[in-house]
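[1] build me a structure from this.
(2 chains)
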There are 2 protein chains.
Amino acid sequence: MGDRYANFANSGVGRGVVKRLGLPDPPRLRRHRPGDPLTNGPVLLGAADGGRLAGPVGKLLEAAGVETTDTADEQVKYGALVFDATGITDSGGLRALYDYFHPVARSLMSSGRVVVLGTPPSAAGTPREATAQRALEGLTRSIGKEFGRGITSQLVYVAPGGEAAVESTLRFLLSGRSAYVSGQVIHVGAGNAPSPADWDRPLAGKTALVTGAARGIGAAIARVLARDGADVIVLDVPGAGDALAGVANDVRGRAVQLDLTAPDAPERLAGHLIGLDILVHNAGITRDKTIARMDESRWDSVLDVNLSSQERINDLLLERDLINQGGRLIGVASIAGIAGNRGQTNYATSKAGVIGLVQSMAPVLAGRGITINAVAPGFIETAMTAKMPLFLREAGRRMNSMSQGGLPVDVAETISWYASPGSATVTGNVVRVCGQSLLGA
Amino acid sequence: MGDRYANFANSGVGRGVVKRLGLPDPPRLRRHRPGDPLTNGPVLLGAADGGRLAGPVGKLLEAAGVETTDTADEQVKYGALVFDATGITDSGGLRALYDYFHPVARSLMSSGRVVVLGTPPSAAGTPREATAQRALEGLTRSIGKEFGRGITSQLVYVAPGGEAAVESTLRFLLSGRSAYVSGQVIHVGAGNAPSPADWDRPLAGKTALVTGAARGIGAAIARVLARDGADVIVLDVPGAGDALAGVANDVRGRAVQLDLTAPDAPERLAGHLIGLDILVHNAGITRDKTIARMDESRWDSVLDVNLSSQERINDLLLERDLINQGGRLIGVASIAGIAGNRGQTNYATSKAGVIGLVQSMAPVLAGRGITINAVAPGFIETAMTAKMPLFLREAGRRMNSMSQGGLPVDVAETISWYASPGSATVTGNVVRVCGQSLLGA
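    This is a model prediction of the structure:
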């Protein structure tokens, strides 16, 4: 799916036209290719006094071969600005953010990274500390809107005791894997997380199932999980046979044709499985109408495909112990599930339900060593969005901090980060893959 | 502050022009005048089987003199659609929402109201119930975007045991007081709340202090609290003397001139007070620049006025027992504090901190019978927004479900709802007064 405007704006002639006319100027985003370094340039690692993360983070960056410094140099262009804000215990201490970011705000490379590390407000020792830690979100979201040029900005809350579990998240955020993720707040819980033997194939030895995998985002998820080492089973409705076989062929995996809403679907699916490490509930449909014009089948089918069937499958597979210890359940929500959308009462309700599923199951599954998380895509270039009316399509594409739509691979990379063994303490998250879309709650 | 376009679009000639050209069509919003009935028409009260709120809500509506029915009639235009969704225990049960809303979706009057009542997902008995209750948010937000004509749509989570405390919130949401509040999720906690003797003067006998009260939103807050019966002390910086005296005169209250950032300000303020029932921290400043161009005084002054001084004052007044039992602390956050904003790293950080203050202090203060909440204004017509560049101003005005900016009185009404004795179990909320702005997190 091309973004012809972005291609034009990045061409030799186009660049001049765009500049002269003051048109939106979508940058080429840095996306991950296996073997790429984590960042394009050195990391400036700062910290407020008394922080507990700069030490471990500095060590893991060094071990990962990333050039890291704690002293700003005007002459240097940085690949990433990483700031440990866990030492900030009151609002006066927030000044450390200004002191760190102000001098280097123009020193980030294109597609550079801003990551601020904090303590979850709920884990802070005092209301003053909780207040200051919560305030970090205003900074990281503003920076995401200010810096432009494909630079992303995130806030990562690391629970006390989670210092050793932050590597997979930091690698994801620094790398080109998170090209279209910005303005997000991510939670890393307490505990340890195993390091994959090879960070370029973190899913080696894992079995994954991806639903709705015949095309679009689902096919991209299957391909990225396979690239990252997983054995992938792809599933779609019987009607999608040829396309599904093509994806199965690409990923050298098994194809399962199954209508997930059939009453016996969970049982039949269980029959195909020995044990899953990664289950990605990507299958989803839209049946748009205002609620006044919506017939009941549109409500029922969207709720059943997007939410209820997922619950039935999770429950049966968990009951039968078919999700392995260390398993990963991953859902696909949507910005519509966060902000609501005209003509999508059914879809938005189902996707808000996916968020509820993640939030309610995370504590239940923690005892079994299983995580559950979701992505919430914004405007992603697919066959579906290509059919949108011109104005809506262009508004969706441009109204975000990247001035462009995302690609299916961006959603897939985010899912692969959740799936990594290194993300063992990442649970209960709903991360938007939306280029920091202006559309929100 | 006029919205000249809205006045034009609602004039006899303007209405025709707007229709023919397909221009945005901002409806005239119903706003509260003392003595107004709660709604302009009957309330259709629906419920999913097994709900625990339709009963008490039906009784309180009747007692309030509101015509209420539980049977939809095609011939009737409703003032409000109120649905008790607490009986929904799994995603299949969400179908009750469709069954209720589909036939009557076109039967709401202009400036009508949609209120869905649910159980907080965290208080649900099972993950399935929590998921379904969380899904409600997708519905209410979508309806807010779909219905138009000044109709608002909210989700109210009522904790089990809070059934008798819902009246003040329901009155606020049904009435013209909440004209510019839509797409919000409000939490009512467990416990009882006293009913004011007179719902038109719920603050009678209460003492309130409003900071930054010389003009704009602060002046409107002072006037609405006084209208609702409170004795109001208005506070602003010494330079605002005349304007402040004018507001004090209007509300027949006392004026205090004080720089809240002075080191001795909390102490001096305490000297003016015997005991406060309502403290509204409205004072706030902006000093916009990108962080690259921001000098340190812009950072420090915004953080100190908007956040740190508030913390110092709260802490001293609480320590000295100058906030009465049943007291109300109310902050003013901002959409920028939720979503971040270009050129406002300082402001957004301070306003995100106000949200953190509310969330971290609410549990601490609950033991003393004191609530803490905040409003987050969107585009409000003030002298400040009148100075914005044309394009930004019009975008801010139109990009919300009301197709217009809000008025200072809309923020003030929301604050008066928090301040009501009837809102005793409403704490830890951050409610946006933004007409369901598209701009979000």
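[2] just the mean pLDDT for stretch A:142-151, thanks.
    Across stretch A:142-151, the average pLDDT comes to 97.
[3] apologies, that question was intended for stretch A:278-298.
    pLDDT averaged over stretch A:278-298 gives 98.
[4] and it, how far from the chain's centre?
    22 Å (Cα atoms, centre = their mean, to the nearest Å).
[5] again with stretch A:404-418
    6 Å.
[6] can you list the domains in chain A?
    A:31-188, A:207-433 (automatic domain parsing).
[7] include mean neighbour count and distance to chain B when you put these into JSON lines, please.
    Where C-beta positions appear, they are placed from N, C-alpha and C, glycine not excepted. Below are these laid out as JSON lines (neighbours: other Cβ atoms under 10 Å in any protein chain shown; distance: least, Cβ to the nearest Cβ, whole Å):
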{"stretch": "domain A:31-188", "mean neighbour count": "21", "distance to chain B": "3"}
{"stretch": "domain A:207-433", "mean neighbour count": "21", "distance to chain B": "3"}
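[8] would you mind listing where chain A has pLDDT under the threshold?
    Within chain A, the ranges that satisfy pLDDT under 70 run A:1-5, A:8, A:14-24, A:441.
[9] show me where it has its strands.
    For chain A, the strands defined by DSSP state E occupy A:43-47, A:68-69, A:78-84, A:108-118, A:152-158, A:184-188, A:207-211, A:231-236, A:254-257, A:276-281, A:323-332, A:371-377, A:430-433.
[10] measure A:Phe379 to B:Pro27 for me?
    As judged by Cβ to Cβ, to the nearest Å, A:Phe379 and B:Pro27 stand 29 Å apart.
[11] with A:Leu392 instead?
    23 Å.
[12] make JSON lines out of the domains of chain A and add distance to B:His102.
    Below are these laid out as JSON lines (distance: least, Cβ to Cβ, whole Å):
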{"stretch": "domain A:31-188", "distance to B:His102": "35"}
{"stretch": "domain A:207-433", "distance to B:His102": "6"}
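[13] list the contacts of A:Gly406.
    When contacts are counted by Cβ atoms under 8 Å, 6 or more residues apart in numbering or on different chains, A:Gly406 touches A:Ala179, A:Tyr180, A:Pro377, A:Gly378, A:Phe379, A:Ile380, A:Glu381, A:Val433, A:Cys434, A:Gly435.
[14] how about stretch A:398-417 as CSV, C-alpha atoms only?
    Only the C-alpha atoms of stretch A:398-417 are listed here, as CSV (Å, rounded to 0.1, in the frame of the first residue of the first chain):
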residue,chain,number,x,y,z
ARG,A,398,-1.5,13.4,8.3
MET,A,399,-2.9,14.2,11.8
ASN,A,400,-0.2,12.6,13.8
SER,A,401,3.4,13.4,14.8
MET,A,402,4.8,11.4,11.9
SER,A,403,2.6,13.2,9.2
GLN,A,404,1.9,9.8,7.6
GLY,A,405,0.1,6.5,8.0
GLY,A,406,1.8,3.5,9.6
LEU,A,407,2.5,0.2,7.9
PRO,A,408,1.3,-3.2,9.0
VAL,A,409,4.9,-4.1,9.9
ASP,A,410,4.8,-1.4,12.6
VAL,A,411,1.9,-3.2,14.3
ALA,A,412,3.7,-6.5,13.9
GLU,A,413,6.9,-5.3,15.4
THR,A,414,5.1,-4.1,18.5
ILE,A,415,3.5,-7.5,18.9
SER,A,416,6.9,-9.2,18.5
TRP,A,417,8.2,-7.0,21.4
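[15] show the contacting residues for the spatially closest residue to A:Cys434 that is not a sequence neighbour.
    Ranked by Cβ to Cβ, 6 or more residues apart in numbering or on different chains and with sequence neighbours excluded, the top spatial neighbour of A:Cys434 is A:Gly378, at 2.5 Å. For A:Gly378, the contact set (Cβ under 8 Å, 6+ apart) comprises A:Ile335, A:Gly396, A:Asn400, A:Gly406, A:Arg432, A:Val433, A:Cys434, A:Gly435, A:Ser437, A:Leu439.
[16] 10 Å instead, please
    Applying Cβ atoms under 10 Å, 6 or more residues apart in numbering or on different chains, we find A:Gly378 in contact with A:180-181, A:334-336, A:338, A:396-397, A:399-400, A:402, A:405-406, A:410-411, A:432-440.
[17] look up how far A:Gln404 lies from it.
    Taking Cβ to Cβ, one finds A:Gly378 at 11 Å from A:Gln404.
[18] any common contacting residues for the two?
    Taking Cβ under 10 Å, 6+ apart as the contact rule, A:Gly378 and A:Gln404 both touch A:Tyr180, A:Arg397, A:Gly435.
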